[in-house]
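A.B. asks: coordinates for the following, if possible.
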Amino acid sequence: MVLHKYGDRLYSGVSNCLRQHLLAVAARIEAAQGLPFLKELKTCWDDHNKSTQMIRDILMYMDRTYVTQQHKTPVFQLGLDLWREVVVRQPHIHQRLLSILGDLVARERGGEMVDRALIKATTQMLMDLGKPTYEEDFERHFLAAAADFYAKEAQEFISTCNAPDYMRKAEKRLAEEVERVKNYLDESTEPKITRVAENELISAQMKALVEMEGSGLVPLLIDDAYEDLGRMYSLFKRVDDGLSLLKTVMGSHIKEQGKTLVNDPEKTKDPVEYVQALLEMRDKYENTISRAFNDDKSFRNTLNQSFETFINQQQRSPEFISLFIDDRLRKGLKGASEGDVEVVLDKVMALFRYLQEKDVFEKYYKQHLAKRLLSGRTVSDDAERNMLVKLKTECGYQFTSKLESMFTDIKTSRDMMADFKARLAEKGEELPLDLSVQVLTTGSWPTQSSSKCVLPRELEAACKSFQDFYLTAHSGRRLSWQTNMGTADLKAAFNGGREKHEITVSTYQMVILLLFNDAEELSYREVAEATEIPPADLKRSLQSLACAKGKNVLRKEPMSKEVEETDKFSFNDAFTSKLYKIKIGTVSAQKEGEVEKQETRHKVEEDRKPQIEAAIVRIMKARKRLDHNSVVSEVTRQLAARFLPNPAVIKKRIESLIEREFLERDPTDRKVYVYLA
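C.D. replies: Residues are numbered from 1 along each chain as shown. Predicted structure coming up:
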């Protein structure tokens, strides 16, 4: 027929024949009810598919010539198009198909067993008719029904479950949907149905979940519920703004908890306990991030920002962190391995990084290091140097240069004492006591006011001998004796000479005790006149000698905890102790008092001025012209590693530089500065 130019009649005849046949098929399918409906649909589809293939093979010549030339639909595709039009999109069949498939899916979600193979055959039929048919005639309705189902189920879950239970159910539902796609839907449906379930189960409920009383994010963080937190993280990661919400709530909780800690009067009474609490708090959230939040860097950034916020709300944090290091390097690391020491120092360095006023820390660290080095009470030189390396790595050479020179002074002093003793031996001289002197470089060590004190004759002579030796070796230098920083070992006899002890005391305490070799009883004023020790130091020294339980080698009348100017003191011959060597410390507050704190703060502020000026000059020299706000922001950026300069102080330093003609204001714009070469 095609050869005889009857191709059009043949094509039309085939099309009409197929249409008539499919109308009869559609009527048969429509007559079926329930599950037999899908079975009938599958059977008819299989038959139609097979017969259409046979017709295609018979009319292959027409397909190659007439269909191609006339741009008609190929025979097999014609069969598919007619099936879609006459059968699938027949209103009653289409409605029943969606209804039955939706019902089967709903029953499976409810826990019933369904004929997955039959559903798979039906969805595969729709895919064979073309992906647009699958999407328009099934998937769109499937996704809408799923959204409705999960919206209702989410409301039910959220009103009856706690957060961990809700998340377990949500996780189970999401896994079920993935499995459902694998079993009988096209793979292209997986991301779409997953997104629908995530939106309804997670996005729409995440705020309620996070804030759920008794089981939301904060209670889970408090209880270290790593498994539940991990589940929350993995679920929230799937939706937009999920992790942002977790970070915001976690950050707020950490700030609130930290603020309570740094403002707790009980905690701030003891600097070591204060810093230990900070370390434990940080460890807690570090563990949470590594074990529950997949070591997510953005959560670690939130942790760091939160700590930086509240640690700097407590002005004494730099002092307390230095005191904690001091405590650990003096006694807290005895018996610890090098690895343990490293871990403690690394953790403390993490807190140090949060400090905005690193120069204040440096001030205190220098004071505490000086005390450790001079008293020889450091646990390990390696640990001390290790700490310096960490500080240098963090803040640069300038930060630690003076600290390193302190170590150099101690080593040089040891060598000098060896030379001094060798020189005495050469001369055949012998000192009446064992003298050890440490020569400190002015400027490298914390500034100490040169304190006045009347030394015993024997010690005065020994000091004079060393001074002559030193000045001979180093002409032009000057020695200033810091008696308030020294220690002494004394031999003492009690109970009529029957009980002997070796007592380690400060230089001031030694001077006081030696007075009682020549007197039975002395008043406070007599001790003060004989020693000329500053009143505050004298009271602390007497308090340590007379009021410390188990170390009261002096008696005080009247007996009380505080030393008054009317008190009288006598040697306590009845003193007894099981230990041969007794160390008597000086009573002093571990933390600075209010006066000392103000002095340190003033010193820090004064030290900052030249640093701010140097930064301003560096910036202006490079830029030549710059407006005020740009200068302030650039100075703040450059100095942030050491401290955060106050904009008002920067302004004052700029004014000072203008007065000294380093800078000038632009005549046309007063807010712009010009560098003067």
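
A.B. asks: measure the closest residue to Glu176 other than its chain neighbours to Glu179 for me?
C.D. replies: Leaving aside its chain neighbours, Glu176 sits nearest to Arg109 (7.2 Å; criterion: Cβ to Cβ, 6 or more residues apart in numbering). All C-beta spots, glycine's among them, are computed from the backbone N, C-alpha and C. According to Cβ to Cβ, to the nearest Å, Arg109 and Glu179 sit 11 Å apart.

A.B. asks: all helices for the stretch 101-250 of the chain, in order.
C.D. replies: 116-128, 131-134, 140-160, 163-184, 190-198, 206-210, 217-222, 226-236, 242-262 (DSSP state H, counting those that start in this stretch).

A.B. asks: can you check the stretch 551-677 of the chain too?
C.D. replies: Counting by DSSP H, counting those that start in this stretch, one finds helices in the stretch 551-677 of the chain at the ranges 594-623, 628-639, 647-659.

A.B. asks: how about the residue positioned nearest the centre of the chain, what does it touch?
C.D. replies: Centroid-nearest residue in the chain: Asn304, 3.4 Å away (criterion: Cα atoms, centre = their mean). Contacts here follow Cβ atoms under 8 Å, 6 or more residues apart in numbering; on that basis Asn304 touches Arg353, Tyr354.

A.B. asks: ok, back up a step: out of the helices of the stretch 551-677 of the chain, deepest packed?
C.D. replies: When the helices of the stretch 551-677 of the chain are scored by mean count of other Cβ atoms under 10 Å, the highest mean neighbour count falls to helix 628-639 (a mean of 17).

A.B. asks: and the angle for that one with helix 647-659?
C.D. replies: Orientation check (axes from the mean of the first three to the mean of the last three Cα atoms, to 10 degrees): helix 628-639 against helix 647-659 gives 110 degrees.

A.B. asks: tilt between helix 628-639 and helix 594-623?
C.D. replies: Using the same axes, to 10 degrees: helix 628-639 against helix 594-623 is 110 degrees.

A.B. asks: picking that back up, what's the burial count for the residue nearest to Glu176?
C.D. replies: With neighbours defined by other Cβ atoms under 10 Å, the count for Arg109 comes to 17.

A.B. asks: what's the answer for Gln155, then?
C.D. replies: 14.

A.B. asks: returning to what we had before: make TSV from the helices of the stretch 101-250 of the chain and add distance to Arg28 and mean pLDDT to it.
C.D. replies: Output for those, formatted as TSV (distance: least, Cβ to Cβ, whole Å; pLDDT from 0 to 100):
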stretch	distance to Arg28	mean pLDDT
helix 116-128	16	92
helix 131-134	21	91
helix 140-160	24	93
helix 163-184	24	94
helix 190-198	33	95
helix 206-210	50	93
helix 217-222	59	94
helix 226-236	48	95
helix 242-262	51	94
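
A.B. asks: nearest to Ile58, out of the ones you listed?
C.D. replies: Closest of the helices of the stretch 101-250 of the chain to Ile58 is helix 116-128, at 21.0 Å (criterion: Cβ to Cβ).

A.B. asks: which residues sit against that closest one?
C.D. replies: Counting by Cβ under 8 Å, 6+ apart, 35, 38-39, 41-42, 45, 49, 80, 88, 97, 101, 104-105, 133-134, 137-138, 183-186 sit against helix 116-128.

A.B. asks: can we see that at 6 Å?
C.D. replies: Leu38, Lys42, Trp45, Leu104, Thr133, Tyr134, Phe138, Asn183, Tyr184, Leu185, Asp186 (Cβ atoms under 6 Å, 6 or more residues apart in numbering).

A.B. asks: tell me the contacts of the second one?
C.D. replies: Residues counted as contacts of Lys42 (Cβ under 6 Å, 6+ apart) are Ala121.

A.B. asks: that one belongs to a helix?
C.D. replies: Yes: judged by DSSP: H, G, I helix; E, B strand; the rest coil, Lys42 forms part of a helix.

A.B. asks: what about it, distance to Gly130?
C.D. replies: 18 Å.

A.B. asks: so Ala255 touches Ser306, yeah?
C.D. replies: Slight slip there: residue 255 is Lys, not Ala. Yes: in terms of Cβ atoms under 6 Å, Lys255 counts as a neighbour of Ser306; the distance is 4.9 Å.

A.B. asks: tell me the buried residues within the contacts of helix 116-128.
C.D. replies: Leu38, Lys42, Trp45, Leu104, Thr133, Tyr134, Phe138, Tyr184, Leu185, Asp186 (16 or more other Cβ atoms under 10 Å).

A.B. asks: got the CA positions of stretch 520-537 in CSV?
C.D. replies: Taking C-alpha atoms only, stretch 520-537 is exported to CSV below (Å, rounded to 0.1, in the frame of the first residue of the first chain):
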residue,chain,number,x,y,z
GLU,A,520,63.4,37.5,124.6
GLU,A,521,60.5,39.8,123.6
LEU,A,522,60.2,42.6,121.1
SER,A,523,57.2,45.0,120.3
TYR,A,524,56.1,45.6,116.7
ARG,A,525,57.6,49.1,116.8
GLU,A,526,61.0,47.7,118.1
VAL,A,527,61.1,45.2,115.2
ALA,A,528,60.1,47.9,112.7
GLU,A,529,62.9,50.2,114.0
ALA,A,530,65.6,47.5,114.1
THR,A,531,64.8,46.2,110.6
GLU,A,532,63.4,49.2,108.7
ILE,A,533,61.2,46.7,106.6
PRO,A,534,58.3,48.5,104.9
PRO,A,535,55.2,48.3,107.1
ALA,A,536,53.0,46.1,104.7
ASP,A,537,55.9,43.6,104.2
